Structures are given as structure tokens and as C-alpha cells.
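Colleague: next one to model:
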Amino acid sequence: MELVTPRLRLREFVENDFLALCEMNAFPEMHTFERQPPSVAETRQALASYINNAIQTPRTNYQLAITIPPSDTVRGIIKLSSQWEAIREWEVGWAVHPAEWGKGYATEAAWHVMDWSFKQLEIHRLVAFCHASNAASVRVMEKLGMHRDGVLRETRWLNGRWWDEYVYAILEKEWKGE
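Modeller: Numbering: from 1, shown residues only. Coordinates of the predicted model:
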């Protein structure tokens, strides 16, 4: 799968993306709200999983590299995964290299993946989660037209304590403007 936006190319991961993923994961700020930085071995395992997911049928997980042409170097990742098949609910998530923050790349990538998912996968509901203190992700979700469905209390264990997270969602009829 590949999606091309006005400024980005979203493509499947390949083995040659390993060093770029390691470099991106080396920035502590990439993991402020999620987890501890992954080890080199964990990064290699994640990349192998991304590549393997691309050949699964039916496909229920998509992990796409965000690149900024003309370069083909990974500058972020966008994920889409089936959450609840019976109600056609999927989850979207993203991470962008800190050097690219504030440029709208997460919003642009997510918008195109969302549009593709509503049209091609015929999903009913798309959700996204974020640490309750992650104001940047909240802004992205709101720019995408998602609505805060609620607060999940103390669902994230990070740095020795529990944290709340927000759940945002958008329905198929909202995406289509019905």
C-alpha cells in the first residue's frame, strides 16, 4: 500500500528502514507519553512485524512509513489497526520525528489514512488514544474532526505511575459530512 499526499509519501516499511527507525527512536521526546525508548532489538522486532503485517490476508494492521519526498528516509510512522470487527472499528495512531514537529505532517498523514480507511475498508468508527497531557496529539485529533469520547482513567503506566488517556473518535457519517 502506498498513499501520496501533497507533501508526503506513506509507504510500506522495508528492511533498509532499520537505521532510520533506530535514529528516530533515539530521541527521548519521541517516548514522553508512550513508553520507554525501545532497544535496538525491539526496534528490529517491530520492523520485522511491520514488514510481515504487509503480507497478511486479510490485513488487520497497517504500519506505514512517513517520508518527505524527494527523500525516502523514514520521518515518522502512521498505524491503522482493526479493533472490533463486529462494529467495524479501527484505531489510528502516529509518531513523527521531533525534527519534523509543528509542520502538520501528522495531521496530513492521518487525514489521508483516515480517508482511505473510510473509503476502502468501509469502517464505521475510527478511534485514537493519547496520554491526557499530550496536547500536540489532542490538537491533531481535533484538526482531523475527531471528538473526545471520554477519559480512560489510569490506563497508562509510565515512569512509575498511572496516567489518564483520552479516547477520540469519528464516525463514518461524520467523515462523509452526513
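
Colleague: can you give me the helices for this protein?
Modeller: In the chain, the segments counted as helices under DSSP state H are 18-25, 40-53, 105-116, 135-143, 172-175.

Colleague: run the chain-centre distance for the first one.
Modeller: For helix 18-25, the gap between its own C-alpha mean and the chain's C-alpha mean amounts to 16 Å (CA atoms, centre = their mean, to the nearest Å).

Colleague: what packs against it?
Modeller: Counting by 3 or more CB pairs under 8 Å, 6 or more residues apart in numbering; DSSP states H and E, the packing neighbours recorded for helix 18-25 are helix 40-53, strand 74-84. C-beta coordinates here come from the backbone N, C-alpha and C atoms, glycine included.

Colleague: in contact with Leu64, which residues?
Modeller: Leu64 makes contacts with 1, 3, 10-13, 77-80, 109, 113, as judged by CB atoms under 8 Å, 6 or more residues apart in numbering.

Colleague: same check on Cys130?
Modeller: 33, 137-138, 141, 165-166, 168.

Colleague: let me see the mean pLDDT of stretch 40-47.
Modeller: Per-region confidence: stretch 40-47 scores 93 on mean pLDDT.

Colleague: rewinding a little: tell me the one of the contacts of Cys130 nearest Cys22?
Modeller: Distances from Cys22 to the contacts of Cys130, taken as CB to CB, are shortest for Phe33 (20.3 Å).

Colleague: can you get me a residue count around the closest residue to the closest one other than its chain neighbours?
Modeller: Spatial nearest neighbour of Phe33, chain neighbours left out: His131 (3.6 Å); criterion: CB to CB, 6 or more residues apart in numbering. Residues contacting His131 under the criterion other CB atoms under 10 Å number 18.

Colleague: can you check Ile55 too?
Modeller: 8.

Colleague: distance of it from Ser49?
Modeller: According to CB to CB, to the nearest Å, Ile55 stands 12 Å off from Ser49.

Colleague: most tightly packed of the helices of the chain?
Modeller: With neighbours taken as mean count of other CB atoms under 10 Å, the helices of the chain reach their highest mean count in helix 105-116, at a mean of 20.
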